[in-house]
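**Student:** Structure of the sequence below:
(chains A and B)
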Protein chains: 2
Amino acid sequence: MTGPRFDFRVDAVDGKARTGRIAMRRGEIRTPAFMPVGTAATVKAMKPETVRATGADVILGNTYHLMLRPGAERVARLGGLHTFMNWPRPILTDSGGYQVMSLSDLRKLTEQGVEFRSHIDGSKHMLTPERSMEIQRLLGSDIVMAFDECPRVDRPYDEIAASMELSMRWAKRSRDAFDAGGEHAAGAALFGIQQGALDPELRRRSAEALTEIGFDGYAVGGLAVGEGQEAMLATLDFAPDMLPADRPRYLMGVGKPDDLVGAVERGIDMFDCVLPTRSGRNGQAFTWNGPLNLRNARHAEDTDPLDPRCTCSVCETYSRAYLHHLQKAGEILGAMLVTEHNLAFYQQLMQAMREAIAERRFAAFAAAFRRDYFAD
Amino acid sequence: MTGPRFDFRVDAVDGKARTGRIAMRRGEIRTPAFMPVGTAATVKAMKPETVRATGADVILGNTYHLMLRPGAERVARLGGLHTFMNWPRPILTDSGGYQVMSLSDLRKLTEQGVEFRSHIDGSKHMLTPERSMEIQRLLGSDIVMAFDECPRVDRPYDEIAASMELSMRWAKRSRDAFDAGGEHAAGAALFGIQQGALDPELRRRSAEALTEIGFDGYAVGGLAVGEGQEAMLATLDFAPDMLPADRPRYLMGVGKPDDLVGAVERGIDMFDCVLPTRSGRNGQAFTWNGPLNLRNARHAEDTDPLDPRCTCSVCETYSRAYLHHLQKAGEILGAMLVTEHNLAFYQQLMQAMREAIAERRFAAFAAAFRRDYFAD
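**Tutor:** You can find the predicted model right below:
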């Protein structure tokens, strides 16, 4: 592959909100960007060409899931993740750290890394910064995430501080292993992950440590883990500002449409979340007028589309009554269509934010969004 | 809608095999035709435009399922089944008879019809020839099936004879109710269903009774209910010949690819079956070299397509290794892709049979098909 390795350009700034683009070997990422989650080498219930048609420039793959099934070495033998799942555009892979940590009873944490048992077959595995970099290289990731620990925000201060310091040592080991693996030369990028929970001083020390190491982009980690929107946004009032302004800032695992608006308002450029896909499978649709539960009997004879403002093919084609019927009957097509709408809605929201920032009217956009979204 | 009501033309005959076309108000059906089953107003795991792209001219809808959920009157209020599910082409609906009969413990049969309880909520319902015609009219069916009883082939002769006679009285009541409902004038067609299990004399009497009433097409009913392929084909050696040669002959609920070839060889023009869709959800793919179980570990690193001779987009895009992975991980996309391939394969098989008949080389085609399909 030729083309730029990682070229981030900010096209416009409005308050703290920014819009721009990241040029990479496999294509361009427009920011603010929402990345659909493709956990097990598939964005659930979606063909990859449909994911692209919703407007996604980049998707996320999960190191933890893929290392267990089908296995990173196997994916590499089959030509890498892009070929395997037929997604030729950029893929960001997480490091596996977050998901391994959530296996509370099945893991053992040391300075070296994390030993854990597979949730699939109980087999024993070890993840370290070095192994995480190797797995992400085997997958063929375009944006590699440093290996980190993500503690619960309700842990004592000392524990969160020590965890952050460990993550910073792991960030350095991730950087070294990534550079030694030759991925930089091949065109991949490496992101560091800021930790420190809700604490400004820990966030500052984490940002300084990461900046000292140097990364292509910086994630705000350790949020969206149960602290609630108010605490999350309060942290985003200061945490992104500590990260280099000329590098993309990625808020991991977020979120609801109103979370995205609030985070972009605070300088975030990239997001990923399972919400639009998981909700789609459960019959919850996102619209400009808030979420809508298709299982509700009031939709049984509702001939309206999911969202009259949405331009996706589901809204052009199907009634709420039909989608209600599919949900009630447990039909796979119900999951397919609501997931497609949700992903299209998320991308339309990102596009609307990018345009509002470019036209320096983001505050008005955000106010109008909240008025409509919380109207009911 | 304008256009022909029901215009069946045989273009070529080769032995007993025929190829032709049925011109109808909502489009043309090329015969021999395979109709994907859209039980609950969806061909499971498929978008309707994808069903069409596989080559399907017509799909089947189930009276029994749709009358219970979402309800025939509701479908009518929502604009009919075509609008509801976004399938603008012909739809054949079954009469509900076969499925009600399979609710062995939950039904009560009388001369008038069948009383039964819903498998969904236990509610009590009555199906009669008149109500079946009304439901199929409410759904907006293009090809309406007469209401019949379908006994098990292993029942005593007297029982099968009496059941066939009842089905013939119901066929007459179906004809009268259909004509009174105005569907004929609106452009719908009505098919009668031959019964009589494996018995030539009963099949002959049934065919005579149906021909006397007069229908647009004739189904061979009561087969593919556990009698085995040999007994089915032995019955098809005589049963289709008893039906009018200038009308399409429809073998209900069949079948495996080799069943289709054997039945076309014996003069059948139309088929429906859940096999390609149900198998697709279970990871069984049909190919020119026989069925293939994607769950088998030997496909884990197999970079071949499902079928090298298949021209579908799944075979153009994905490896067996990826499809194996999706099946093992229980991913919805696995059901989507294997279903799509199976439906495309079935349509390619029908197209190959139509071409072989048109070129008067059906016997050679069938021999080559069997050689490859049973090669392993």
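**Student:** quick one: the one residue in the stretch 101-250 of chain A that gets nearest to chain B from A:Lys16, how far?
**Tutor:** Nearest residue of the stretch 101-250 of chain A to chain B: A:Ile120, at 9.1 Å (Cβ to the nearest Cβ). Heads up, the C-betas are built off the backbone N, CA and C, glycines and all. In this view, A:Ile120 and A:Lys16 are 42 Å apart by Cβ to Cβ, to the nearest Å.
**Student:** ok, back up a step: helix, strand or coil for the residue of the stretch 101-250 of chain A closest to chain B?
**Tutor:** Classification of A:Ile120 by DSSP: H, G, I helix; E, B strand; the rest coil places it in coil.
**Student:** With the flanking residues excluded, which residue is spatially nearest to it?
**Tutor:** A:Leu68 (5.5 Å; Cβ to Cβ, 6 or more residues apart in numbering or on different chains).
**Student:** Could you list the contact residues of chain A toward chain B?
**Tutor:** For chain A, the contact set with chain B under Cβ under 8 Å from any Cβ of the partner chain comprises A:40-42, A:44-47, A:69-70, A:74, A:77-79, A:84-86, A:281, A:300-301, A:303, A:317-319, A:321-322, A:325-326, A:328-329, A:331-333, A:335-337.
**Student:** coming back round to it: thinking the residue of the stretch 101-250 of chain A closest to chain B is in contact with A:Pro70, fair?
**Tutor:** No. Using Cβ atoms under 8 Å, A:Ile120 is not in contact with A:Pro70; the gap is 11.2 Å.
**Student:** Neighbour count: those two, which is higher?
**Tutor:** More neighbours surround A:Pro70 than the other of A:Ile120 and A:Pro70, with 24 against 11 (other Cβ atoms under 10 Å in any protein chain shown).
**Student:** who touches the more buried one in this structure?
**Tutor:** By Cβ atoms under 8 Å, 6 or more residues apart in numbering or on different chains, the contact set of A:Pro70 is A:41, A:78, B:300, B:321, B:325, B:328.
**Student:** Out of those residues, which is nearest to B:Glu159?
**Tutor:** Closest approach to B:Glu159 among these (Cβ to Cβ): B:Lys328, at 46.5 Å.
**Student:** For burial, what's the neighbour tally of the closest one?
**Tutor:** Neighbours of B:Lys328 (other Cβ under 10 Å): 19.
**Student:** Which ones among the residues of chain A next to chain B map onto helices?
**Tutor:** Members of these lying in helices (criterion: DSSP state H): A:74, A:77, A:84-85, A:281, A:317, A:321-322, A:325-326, A:328, A:332-333, A:335-337.
**Student:** What is the burial count for A:Arg204?
**Tutor:** Quick note: A:Arg204 (other Cβ under 10 Å) scores 16 neighbours.
**Student:** same question but for A:Asp11, I mixed them up
**Tutor:** Close neighbours of A:Asp11, defined as other Cβ under 10 Å, add up to 13.
**Student:** chain center to the helix or strand hosting it, what's the gap?
**Tutor:** Assigning secondary structure by DSSP states H and E places A:Asp11 in strand A:6-14. Put simply, strand A:6-14 sits 19 Å off its chain's centre (Cα atoms, centre = their mean, to the nearest Å).
**Student:** For that strand, name the packing helices and strands.
**Tutor:** Here strand A:6-14 touches strand A:17-24, helix A:332-358, going by 3 or more Cβ pairs under 8 Å, 6 or more residues apart in numbering or on different chains; DSSP states H and E.
**Student:** May I see those organised as CSV, with mean neighbour count added?
**Tutor:** As requested, these are exported to CSV (neighbours: other Cβ atoms under 10 Å in any protein chain shown):
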stretch, mean neighbour count
strand A:17-24, 22
helix A:332-358, 23
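**Student:** Could you export these as TSV, including mean pLDDT?
**Tutor:** Formatted as TSV, the helices and strands packed on strand A:6-14 follow (pLDDT from 0 to 100):
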stretch	mean pLDDT
strand A:17-24	98
helix A:332-358	98
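**Student:** Would you convert these into CSV that also reports distance to A:Thr311?
**Tutor:** Shown next, in CSV, are the helices and strands packed on strand A:6-14 (distance: least, Cβ to Cβ, whole Å):
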stretch, distance to A:Thr311
strand A:17-24, 20
helix A:332-358, 7
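**Student:** Among the contacts of A:Pro70, which one sits closest to B:Asp372?
**Tutor:** For the contacts of A:Pro70, the closest approach to B:Asp372 (Cβ to Cβ) belongs to B:Ala321, at 23.3 Å.
**Student:** what's the next secondary structure element after the one helix or strand in chain A whose mean pLDDT sits lowest?
**Tutor:** Ranked by mean pLDDT, DSSP states H and E, the weakest helix or strand in chain A is helix A:183-186, scoring a mean of 75. Later in the chain than helix A:183-186, the nearest helix or strand by DSSP H and E is strand A:189-194.
**Student:** other SSEs contacting that following strand?
**Tutor:** So strand A:189-194, by 3+ Cβ pairs under 8 Å, 6+ apart, packs with strand A:143-145, helix A:157-180, helix A:200-213, strand A:217-220.
**Student:** Can you tell me the strand partners of the first one and which way each runs?
**Tutor:** The one in question is strand A:143-145. Here strand A:143-145 has these sheet partners by DSSP bridges: strand A:91-93 (parallel), strand A:189-194 (parallel).
**Student:** gap between that strand and the chain center?
**Tutor:** Taking mean C-alpha positions (Cα atoms, centre = their mean), strand A:143-145 and its chain are 12 Å apart.
**Student:** residue in the stretch 151-300 of chain A nearest to chain B?
**Tutor:** Closest point on the stretch 151-300 of chain A to chain B, by Cβ to the nearest Cβ, is A:Ala300, at 7.0 Å.
**Student:** check contacts around that residue.
**Tutor:** Under the criterion of Cβ under 8 Å, 6+ apart, the contact partners of A:Ala300 comprise A:321, A:324-325, B:70, B:74.
**Student:** Just to check, the residue nearest to A:Ile120 is in contact with A:Gly122?
**Tutor:** No. Look at A:Leu68 against A:Gly122 with Cβ under 8 Å: they stay out of range, at 10.8 Å.
**Student:** circling back: the strand holding A:Asp11 versus strand A:189-194: what angle between them?
**Tutor:** If you take axes from the mean of the first three to the mean of the last three Cα atoms, to 10 degrees, strand A:6-14 sits at 50 degrees to strand A:189-194.
**Student:** got the CA coordinates for strand A:6-14 in CSV?
**Tutor:** Only the C-alpha atoms of strand A:6-14 are listed here, as CSV (Å, rounded to 0.1, in the frame of the first residue of the first chain):
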residue,chain,number,x,y,z
PHE,A,6,-1.1,9.1,9.2
ASP,A,7,-1.8,12.7,8.2
PHE,A,8,-4.3,14.5,10.5
ARG,A,9,-5.5,17.9,9.4
VAL,A,10,-7.9,20.1,11.3
ASP,A,11,-10.0,22.0,8.8
ALA,A,12,-12.1,24.1,11.2
VAL,A,13,-12.5,24.8,14.9
ASP,A,14,-15.6,26.1,16.6
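**Student:** who's in contact with A:Met164?
**Tutor:** Contacts of A:Met164 by Cβ under 8 Å, 6+ apart are A:195-197, A:202, A:205-206.
**Student:** Next: A:Gly15.
**Tutor:** A:265, A:362-363.
**Student:** now do A:Leu202
**Tutor:** By Cβ under 8 Å, 6+ apart, the neighbours of A:Leu202 are A:160-161, A:164, A:195-196.
**Student:** Now the two most distant members of those residues.
**Tutor:** Greatest spatial distance in those: A:Ala161 and A:Gln195, 9.6 Å, computed using Cβ to Cβ.
**Student:** Those two: which has the busier surroundings?
**Tutor:** Taking other Cβ under 10 Å, A:Ala161 and A:Gln195 do not tie; A:Gln195 has more neighbours (31 against 20).
**Student:** out of everything not next to it in sequence, what's closest to that one?
**Tutor:** Closest residue to A:Gln195 apart from its sequence neighbours, by Cβ to Cβ, 6+ apart: A:Met164 at 4.2 Å.
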